[in-house]
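Trainee: task: produce atomic coordinates for the following.
(chains A and B)
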Amino acid sequence: EPEVTQTPSHQVTQMGQEVILRCVPISNHLYFYWYRQILGQKVEFLVSFYNNEISEKSEIFDDQFSVERPDGSNFTLKIRSTKLEDSAMYFCASSGKEAHTEAFFGQGTRLTVV
Amino acid sequence: AQSVSQHNHHVILSEAASLELGCNYSYGGTVNLFWYVQYPGQHLQLLLKYFSGDPLVKGIKGFEAEFIKSKFSFNLRKPSVQWSDTAEYFCAVNAASNYQLIWGAGTKLIIKP
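Mentor: Residues are numbered from 1 along each chain as shown, chains lettered A, B, ... in the order given. This next block holds a predicted model:
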């Protein structure tokens, strides 16, 4: 069964450092998403991406965040200068021909900023 | 702003008990509704979804949910739970006009064998 894969599963970084979280969506999917879940809080939407551009983003997704689909298979989330409050589980998801069909999620990357 | 409320953060049941997990949302327009499940150590998986049509939706593993528009609710049910249903269950909503899923806080379900 096709699945979304995320790497690494866990990343520890120092405050102020840049991190790149990587995702390989399901191959024929067209819509890509990043969500995050801070420990003990709700899952929060960060950004959606379609046709090589951001289609929607939340207030959380400020200038320190960026997304890219560099090679047609990977979908990355970059955090330029990490803060302690960026520590969270980050989930990548993808969906098929229509944005509102089922989103398939990866297992997540746990980011710890120290 | 849209929001999703799940009434129970933790539920403990014995095997064969019936399950109902509550989910209410706040949004006045057309919505798509989802229940996702996360088994221990695994990724989020879709249990069932409602876009339109019959408000009683059947999903995988014997789960079903009923959309009651007048109550802004989408409660998840299963008549007889199994130990393997131990997981965290998330209700999520998106407005038909945008992409993002708005999530409830999740309900941790523990089934005692």
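
Trainee: what parts of chain B come near chain A?
Mentor: B:32, B:34, B:36, B:42-46, B:49, B:51, B:90, B:92, B:94, B:96, B:98-106 (C-beta under 8 Å from any C-beta of the partner chain). No exception for glycine: its C-beta is placed from N, CA and C like everyone else's.

Trainee: again, only this time at 10 Å
Mentor: Contact residues of chain B with respect to chain A, defined by C-beta under 10 Å from any C-beta of the partner chain, are listed as B:3-4, B:6, B:31-32, B:34, B:36, B:38, B:41-46, B:48-49, B:51, B:90, B:92, B:94-106.

Trainee: which pLDDT value goes with A:Lys97?
Mentor: Taken from the predicted model, the pLDDT recorded for A:Lys97 is 70.

Trainee: and the residues of chain B next to chain A, which are buried?
Mentor: Neighbour-count burial (16 or more other C-beta atoms under 10 Å in any protein chain shown) applied to the residues of chain B next to chain A gives B:4, B:6, B:31-32, B:34, B:36, B:38, B:43-44, B:46, B:48-49, B:90, B:92, B:94-95, B:99-106.

Trainee: among these, which are located in strands?
Mentor: In this view, those that belong to strands under DSSP state E are B:4, B:6, B:31-32, B:34, B:36, B:38, B:46, B:48-49, B:90, B:92, B:94-95, B:102-103.

Trainee: now the two most distant members of these.
Mentor: Maximum pairwise distance among those (C-beta to C-beta): 23.4 Å, between B:Gln38 and B:Ala95.

Trainee: got the phi and psi for B:Asn8?
Mentor: The main-chain torsion angles of B:Asn8 are listed as degrees, to the nearest 10 and equal phi -120, psi 130.

Trainee: which residue, other than its chain neighbours, is closest to it?
Mentor: The shortest distance from B:Asn8 to any residue other than its chain neighbours is 5.1 Å, reached at B:Thr107 (C-beta to C-beta, 6 or more residues apart in numbering or on different chains).
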